[in-house]
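**Student:** any chance you could fold what I've pasted below:
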Amino acid sequence: MKKISALIAAGALALGLAACSSGGGADVPDAEFTVGVTFSDLSNPVWSELVQEAQSYGAEEGIAVNYVDAKGKASEQVTQIENFIQQDVDAIIICAVESKALADVTKKAQDAGIKVVGYTQVLENYDAQYLVDAYKTGYANGEAAANWINENYGDEAVVEWGLMDLPEFPEIIDRANGIKDAVAELAPNAKLVATKSALTAEDGVKNAENFLQANPDMKMIATIGGGGAQGGNEGVKASGITDYDSFGLFGIDATEIEIQNIINGDPQKASVSLGGGKAHGRTLIDITAGLLKGEDVEKDQYMPIEVIDKSNAQDYFDEHFAK
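**Tutor:** Numbering: from 1, shown residues only. As a prediction, this is how the structure comes out:
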């Protein structure tokens with residue numbers, strides 16, 4: 001029954017993304033600019049939130065935003081960008097599936113006078129980009145996890161832990177490296193016993209359950225993103241752990257569900273905020289609007305890094321998510 005409940009919870013998360021995953025267009029009468037947005041995979045809850053906020057905020061600013069989902073296919077993303085070029089959009093915002101695959105088509109867009117804005121993945125041809133310092137972000141996550149291990153299991157000879165990484169995205173690899181380095185340096189009694197890729201909440205549920213089935217003494221899981229953290233929280237609970245204080249789950253992205261889990265005293269103990277999907281959506285529109293209006297826009301911009309835990313989760317929730 002617990003396993004079914006976890007799958008239902010993950011399914012509920014997925015249903016919230018269904019409309020977004022198919023893409024969406026905005027009807028903005030008398031729009032000053034039109035912006036195309038292509039994301040590598042909108043099943044990621046943070047990115048889903050981002051594109052929807054970009055669209056609504058863009059409408060407020062007189063910008064029509066149309067987004068599409070590449071669903072993890074580089075060739076599909078190339079076609080999407082080609083379509084945006086044919087539609088004569090003013091700018092294209094890109095979260096790349098595979099950056100190298102976009103070198104030719106992004107140059108083609110720029111040659112057509114279209115502004116190109118990159119997000120998280122470094123592009124070869126771009127006018128501005130909004131990036132994350134992957135290693136520092138991962139290290140902040142690992143540091144929070146290591147501190148928790150020291151506070152709760154500092155006297156234990158060995159503390160087993162698991163990692164949900166995402167090596168399919170080269171820029172994410174350094175997040176995982178940062179997590180591993182921080183845990184190794186700050187909690188030397190921690191032993192990594194399981195690693196598995198996770199992007200979505202469904203991945204997180206499955207990984208957490210498998211981790212704990214194979215390693216029943218595991219005390220901590222760290223993830224490189226909000227999808228794995230959201231699902232991982234449900235997977236830990238479904239695995240039969242009832243003393244949530246005895247287990248620590250640490251994420252990155254600080255999604256609304258993650259923050260609610262921290263406030264509720266669930267297995268998740270902390271998450272690293274990079275500003276959040278809604279804030280990123282607005283920032284990307286501001287960057288793009290600046291370029292289109294001929295303003296002096298810094299070419300390489302980086303997201304803020306802040307650890308959210310029980311000490312500041314309620315304040316963070318009230319600021320970012322309270323209706």
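**Student:** what is the neighbour count of the residue nearest to Asp133 when sequence neighbours are not counted?
**Tutor:** Spatial nearest neighbour of Asp133, chain neighbours left out: Tyr302 (5.7 Å); criterion: CB to CB, 6 or more residues apart in numbering. Where you see a C-beta, it was placed from the backbone N, CA and C, and this is true even at glycine. Neighbourhood size, Tyr302 [other CB atoms under 10 Å]: 14.
**Student:** identify the residues contacting Tyr302.
**Tutor:** With contact set as CB atoms under 8 Å, 6 or more residues apart in numbering, Tyr302 has these partners: Tyr130, Leu131, Val132, Asp133.
**Student:** could you find the lowest-pLDDT member of those residues?
**Tutor:** pLDDT across the contacts of Tyr302 is at its lowest for Val132, which sits at 91.
**Student:** that one reaches Leu274, doesn't it?
**Tutor:** Yes - between Val132 and Leu274 there is a contact under CB atoms under 8 Å: 5.6 Å.
**Student:** find the residues that touch each one of those two.
**Tutor:** Common neighbours of Val132 and Leu274 (criterion: CB under 8 Å, 6+ apart): Met303.
**Student:** top of the contacts of Tyr302 by neighbour count?
**Tutor:** Val132 (24 neighbours).
**Student:** quick one, helices of the stretch 1-150 of the chain?
**Tutor:** Taking DSSP state H, counting those that start in this stretch to define them, one finds helices in the stretch 1-150 of the chain at 2-15, 18-21, 45-60, 74-86, 103-111, 134-153.
**Student:** next up, the contacts around Leu50.
**Tutor:** Contacts for Leu50 (CB under 8 Å, 6+ apart) come out as Phe39, Gly277, Lys278, His280, Gly281, Leu284.
**Student:** identify the farthest-apart pair in the residues you listed.
**Tutor:** Checked with CB to CB, the contacts of Leu50 reach their widest spread between Phe39 and Lys278, with 14.9 Å between them.
**Student:** of those two, which one has the most company?
**Tutor:** Of the pair Phe39 and Lys278, Phe39 is the one with more neighbours under other CB under 10 Å, namely 28 against 19.
**Student:** ok now do the residue nearest to the more buried one when sequence neighbours are not counted, which residues does it touch?
**Tutor:** Setting aside the residues directly before and after it, Phe39 is nearest to Cys95 in space (CB to CB, 6+ apart), at 4.3 Å. Going by CB under 8 Å, 6+ apart, Cys95 touches Thr38, Phe39, Ser40, Trp47, Gly118, Tyr119, Thr120, Gln121.
**Student:** cool, Asn152 as well?
**Tutor:** By CB under 8 Å, 6+ apart, Asn152 lies in contact with Lys219, Asp245, Ser246, Gly248.
**Student:** over to Gln80?
**Tutor:** By CB under 8 Å, 6+ apart, the contact set of Gln80 is Gly36, Thr38, Val68, Ala70.
**Student:** please verify my assumption that the second one contacts Ala91.
**Tutor:** No - here Thr38 does not reach Ala91: they are 11.8 Å apart, not a contact under CB under 8 Å.
**Student:** show me which pair in the contacts of Cys95 is furthest apart.
**Tutor:** Greatest spatial distance among the contacts of Cys95 (CB to CB): Trp47 and Gly118, at 13.8 Å.
**Student:** all helices of the stretch 151-300 of the chain, in order?
**Tutor:** Going by DSSP H, counting those that start in this stretch, the stretch 151-300 of the chain shows helices at 170-186, 201-214, 226-238, 256-263, 277-292.
**Student:** tell me the most buried of the ones you listed?
**Tutor:** Most buried of the helices of the stretch 151-300 of the chain, by mean neighbour count (mean count of other CB atoms under 10 Å): helix 226-238, with a mean of 30.
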